[in-house]
Structures are given as structure tokens and as C-alpha cells.
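[1] Make a model of this:
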Amino acid sequence: MARIRGIGGLRRLGGPWRAVRAGMAYPMASLTGRRITKFVRPAQEFIRTESASAALLMLAAVAALVWANSPWSDSYERLLHASLGIDLAFWQVEGTLHFWINEVGMVLFFFVIGLEIKREITIGELSNPRVMAAPVAGALGGMLLPLGIFLLIAQGAEARSGWAVPMATDVAFALGVAALVGSRVPLGLRAMLLTFVIVDDVGTVVVIAFFYSHEVQLEQVAIAVGLVVLMLALYRVGVRSVFAFLAVGVVAWAVTLESGVHPTTLGAVLGFLTPWRPPVPLDGFVRTARQLLERFRAGDEVPESSLGHDRMVDSLLSLGDLSSNAVPHVDRLEHHLHPWVAFLVVPAFALANAGVQFSGGEITAAFTSTVTWGVLAGLVVGKPVGLVAATWLAVRLGATRPAGVTWRGVAAIGFVAGIGFTVALFVADLAYVDDALLRHAKVGILAAFAVAAPLGFLGFLLLPRVARAEPPPGRSGRAARAAADALDP
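    Numbers count the residues shown, from 1 in each chain. Purely as a prediction, here's the structure:
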């Protein structure tokens with residue numbers, strides 16, 4: 001446990017130059033292209049990062065299992081229970097390494113999830129009600145049926161307290177399996193998978209906030225809400241300092257931790273409330289960038305002179321600031337934080353939570369436990385059946401599947417949805433106080449992964465190859481190619 005005292009107790013010129021030049025040469029087409037790219041590029045970056053993270057996540061999980069069952073298992077336990085603290089005289093936080101990973105690192109994880117939810121609702125698949133309805137319905141079916149299956153199988157009130165464990169889907173592994181056969185996964189199916197896991201994460205956040213937060217202190221909750229409102233007010237009056245928001249956010253985290261509400265809820269809320277619109281609109285960016293480029297050209301004519309050099313440097317620095325302010329806050333934060341979460345926080349969480357100790361007797365006990373079979377059946381059977389059935393019903397009632405999505409593709413999504421792993425392990429850790437039940441739940445999660453991952457891979461592998469789309473001919477095609485060149489690193 002943790003104790004808290006003191007509170008409540010132009011990487012280079014080429015890229016930007018080509019981007020602005022494309023905007024000047026093809027203003028109408030490039031503006032449309034930028035609006036499309038505002039969704040497509042971040043979504044592709046998110047999927048690529050999650051896919052790479054899945055490999056590291058697997059390595060961390062395997063390392064934890066091997067370490068926990070090796071002759072050096074005592075060192076694994078000592079590492080997790082090593083005490084770490086921060087002492088600022090007026091404020092002190094002490095906790096184990098396990099605490100810092102689960103209560104601090106996972107807040108950052110859910111903050112990035114909140115950012116992705118905000119972007120999807122603003123301009124992603126969740127912004128189109130008809131297209132959104134199918135994966136949202138599928139996600140709900142993929143959460144409710146596993147819950148029902150678990151409650152039917154698990155015996156005893158204490159065992160049933162983990163009812164939310166089979167509801168969760170691991171984002172990194174789900175996208176990682178799809179990336180292994182990327183040539184067979186059309187863009188519409190990727191968008192549907194991404195939408196599904198985002199809705200699934202929303203459900204997880206709601207469940208954690210309302211069902212796995214204990215002994216809620218309303219006074220502390222009110223203070224935390226007030227601090228969130230303060231952050232919104234600071235932004236409204238023009239404050240843009242990252243350190244100011246970070247300071248208020250840390251205080252809000254400490255208050256939330258003492259309130260009894262799990263602090264990951266705060267992370268998701270702050271991510272979702274992050275302003276979408278950039279300080280500089282796209283039209284203003286293009287107009288000002290033209291002026292700065294004209295100033296740069298004037299200096300470039302006499303680069304050896306002091307005046308010419310100063311004009312060039314001032315133009316480039318101003319263009320850098322302008323470009324930074326034209327990026328939506330959601331995209332900027334996700335771009336900077338997502339790699340840290342994917343390549344540090346999530347693998348560290350797997351290393352700290354996947355170390356289940358196996359012995360002959362414990363494995364036998366786990367597979368005679370209703371918790372293990374409830375989690376396993378909920379993930380492997382409940383997820384795909386619930387997702388496909390709910391999606392089919394939504395389509396029958398008028399929802400629209402994304403372009404290129406077949407029912408075989410939906411079934412493949414259902415199989416990979418059975419990979420609970422990171423989020424399922426996190427919920428299990430919140431749900432079970434008893435070490436034996438927690439171990440049984442983890443065995444069920446790992447067993448479900450061993451079944452669902454190959455099934456999902458096979459499901460995607462059996463899909464037909466996707467023909468690569470070429471840009472349309474003519475001026476709009478040239479603009480699309482110019483915009484693509486400008487956006488390539």
C-alpha cells in the first residue's frame with residue numbers, strides 16, 4: 001500500500017516546406033486531404049505503436065512467468081515489494097514498485113486511452129452514428145455475454161466479485177495480431193477493430209469507476225472534481241504551460257487516490273476532456289506560413305549578410321512555433337506519450353502482474369476452480385459470440401458495416417477480442433483480495449490468451465488479400481500524393 005502525506009492526508013526544413021508548398025499549390029484539395037489525414041495518420045500511428053508494443057508486452061509477460069517460477073523467484077517478489085518514495089517536505093508519497101506501476105503508470109495508460117476516445121468521438125469512426133452503431137453494439141455484446149457466462153460458472157460471492165475480468169480486451173495484443181497479417185485486413189476492418197477496443201476501454205473505465213472503487217470519500221471526490229474544473233478554467237483563460245497542468249494533475253491524482261476512486265478513472269477523464277481544437281486553425285496556419293516563407297525567401301537571397309541570416313532563423317523558429325500550435329492538443333499529447341506508455345508502462349505492468357507461480361498442485365487447483373473456467377469461457381466463447389451476435393443485430397436494425405468488412409472479418413475481431421491480458425489482469429488485481437482467487441483468474445487470462453491469439457491470427461489469415469488503393473488521377477490525385485509526400489517522415 002502507499003502512504004500519502006501533505007494532501008488530504010521542422011525535424012528538418014524538408015517536411016514543413018513540402019507541407020506548406022502542397023497547401024499553397026493545391027489549397028482546396030490539400031485542405032480536404034489534411035482533414036482526412038487528421039484522422040488517418042494518428043490512427044495509423046496508434047495501430048503501429050500498439051502492434052510493436054504487443055511483441056514487447058509478450059516478452060515481458062514470458063519473462064515474468066519464467067522469473068516467478070525459477071529458483072530466483074524470491075528476487076522477483078522482493079523487486080515488486082521494494083519500497084520507493086518521493087519526499088518534497090510538504091508532500092510525501094511512499095509505496096512499493098507494484099504500487100507505482102499499477103497506481104501511477106496505469107493512470108498514464110488510461111490517460112492515453114482517454115485521448116484516443118476523444119479523437120474517435122470527434123473525427124473518427126465514433127463520429128458517424130450509422131457506422132459507429134455496429135462496433136459499439138458489438139463491443140457491448142462482447143462485454144455483456146462474457147459477464148453472464150462468468151456469473152453462471154463462478155461459484156460463491158467472493159469468486160463472482162471478478163465478474164468484470166472477462167469483459168476486457170487488450171488493445172496492444174488485439175491490434176498486434178491484426179498487424180501480423182496486415183495485407184488481409186482492410187482499412188474498414190482496422191477501423192472497426194480500433195473502434196471496438198476503444199468502446200471496450202470506455203466500458204472498463206466505467207466499471208472501474210463505479211464498481212471497483214471502495215469506501216468512496218465524497219469530500220475528496222468533490223476536491224478532485226474541483227481541480228479538474230480548475231484545469232479547464234486555466235485553459236479557457238489562456239494558460240498553456242504544461243508544468244501548470246502537470247502540477248494540478250498531480251494534486252488531483254493524490255486527492256483521487258485518497259478518495260477511494262481508482263486514480264485510473266482520473267486519467268481517462270483528463271484524457272477525454274483534453275481540448276480538441278488547436279490554438280491556431282488550419283486556415284490561419286496556411287496564411288501565416290505563407291508570410292513566414294516569404295520572409296524566409298527574402299533572407300535566403302542574401303544568406304551571407306547579418307540581416308538575411310536573422311530573417312531566415314527568425315522565420316524558421318516562428319514556423320516551428322506555428323506548426324506546433326496548429327497541431328490539436330489531443331494528437332500532440334498522444335504522439336508524445338503513447339510510445340512511453342506502449343514501450344515502458346504496459347511492459348512494466350506485464351512484468352509486475354503476469355508472474356503467476358505454477359506448481360503441479362497449483363495448476364491442478366487452478367483448473368478445478370470455477371474462477372479459472374469462468375474467465376476462460378467468458379473470454380474465448382463469450383467475447384466472439386457476443387460481439388458477432390450483437391453486431392449482426394445492429395446491422396439488421398439499420399447500422400452500417402465499414403467498407404470492405406465481411407462477417408468473416410467480424411468473427412476474426414471477435415476471436416482477438418478474447419485476449420484480455422493487460423486490462424483483464426488489472427481488473428483481476430482490483431477485484432480479488434484472496435491470493436488464490438487472483439492466481440486462478442490470472443491462469444484463466446493466460447489460458448484464454450493461448451487459445452484466442454491463434455484463433456484470431458487464423459481468422460485474419462483466412463481473409464482475402466486487400467488490393468492496395470491508388471490515388472485518383474488528375475489534380476486531386478497530385479494533391480493527395482503531394483500531401484502524402486509532405487507527411488512522410
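[2] right, and Leu337 touches Phe110 too?
    No: distance between Leu337 and Phe110: 11.5 Å, which falls outside the contact criterion (Cβ atoms under 8 Å). C-beta: built from backbone N, CA, C; applies to glycine.
[3] Give me the more crowded residue out of these two.
    In terms of neighbours (other Cβ atoms under 10 Å), Phe110 is the more surrounded of Leu337 and Phe110; the figures are 28 against 17.
[4] Can you give me the distance of that one to Val327?
    Note on Phe110: its distance to Val327, by Cβ to Cβ, to the nearest Å, is 22 Å.
[5] Kindly report the same for Ala154.
    With distances defined as Cβ to Cβ, the gap from Ala154 to Val327 amounts to 47 Å.
[6] cool, and Gly85?
    Plainly put, Gly85 is 36 Å away from Val327 if you go by Cβ to Cβ.
[7] So these two - more neighbours on which side?
    When neighbours are counted by other Cβ under 10 Å, Val327 comes out ahead of the other of Gly85 and Val327, with 16 against 11.
[8] which SSE is the more buried one in?
    In this assignment (DSSP states H and E), Val327 forms part of neither any helix nor any strand.
[9] So what's the residue count around His98?
    Other residues near His98 come to 18 when the count uses other Cβ under 10 Å.
[10] I'd say it and Ala352 touch.
    Yes: the pair His98 and Ala352 qualifies as a contact (Cβ under 8 Å) at a distance of 5.5 Å.
[11] Quickly list what's touching both of the two.
    Shared between the contact lists of His98 and Ala352 (criterion: Cβ atoms under 8 Å, 6 or more residues apart in numbering) are residues Leu80.
[12] just the helices in the stretch 251-400 of the chain please.
    263-273, 282-300, 306-325, 329-340, 346-353, 360-366, 370-377, 383-396 (DSSP state H, counting those that start in this stretch).
[13] List just the one of those that sits closest to Ala54.
    Taking Cβ to Cβ as the criterion, Ala54 comes closest to helix 346-353 out of the helices of the stretch 251-400 of the chain, the separation being 9.2 Å.
[14] With only the CA atoms kept, save the closest one in CSV.
    What follows is helix 346-353, C-alpha atoms only, in CSV (Å, rounded to 0.1, in the frame of the first residue of the first chain):
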residue,chain,number,x,y,z
VAL,A,346,2.5,-1.6,-20.4
PRO,A,347,5.5,-4.0,-20.5
ALA,A,348,6.3,-2.9,-16.9
PHE,A,349,2.8,-3.8,-15.9
ALA,A,350,3.0,-7.2,-17.6
LEU,A,351,6.3,-7.9,-15.8
ALA,A,352,4.8,-6.9,-12.5
ASN,A,353,1.4,-8.7,-12.8
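[15] Quick one: mean pLDDT over it.
    Model confidence over helix 346-353 averages 85 on the pLDDT scale.
[16] Just want the angle from it to helix 329-340.
    Angle of helix 346-353 versus helix 329-340, following axes from the mean of the first three to the mean of the last three Cα atoms, to 10 degrees, is 50 degrees.
[17] I'd like the secondary structure assignment at the residue minimising distance to the centre of the chain, please.
    Residue closest to the mean C-alpha point of the chain, counted by Cα atoms, centre = their mean, is Ile113 at 3.6 Å. Classification of Ile113 by DSSP: H, G, I helix; E, B strand; the rest coil places it in helix.
[18] thought it was touching Gly271?
    Yes: the pair formed by Ile113 and Gly271 meets the contact definition of Cβ under 8 Å, at 6.5 Å.
[19] list the buried ones in stretch 71-79?
    By neighbour count with 16 or more other Cβ atoms under 10 Å, stretch 71-79 contains the buried residues Tyr76.
[20] tell me the mean pLDDT over that stretch?
    When pLDDT is averaged along stretch 71-79, the result is 88.
[21] what's around Val107, how many residues?
    If you count neighbours by other Cβ under 10 Å, Val107 ends up with 23.
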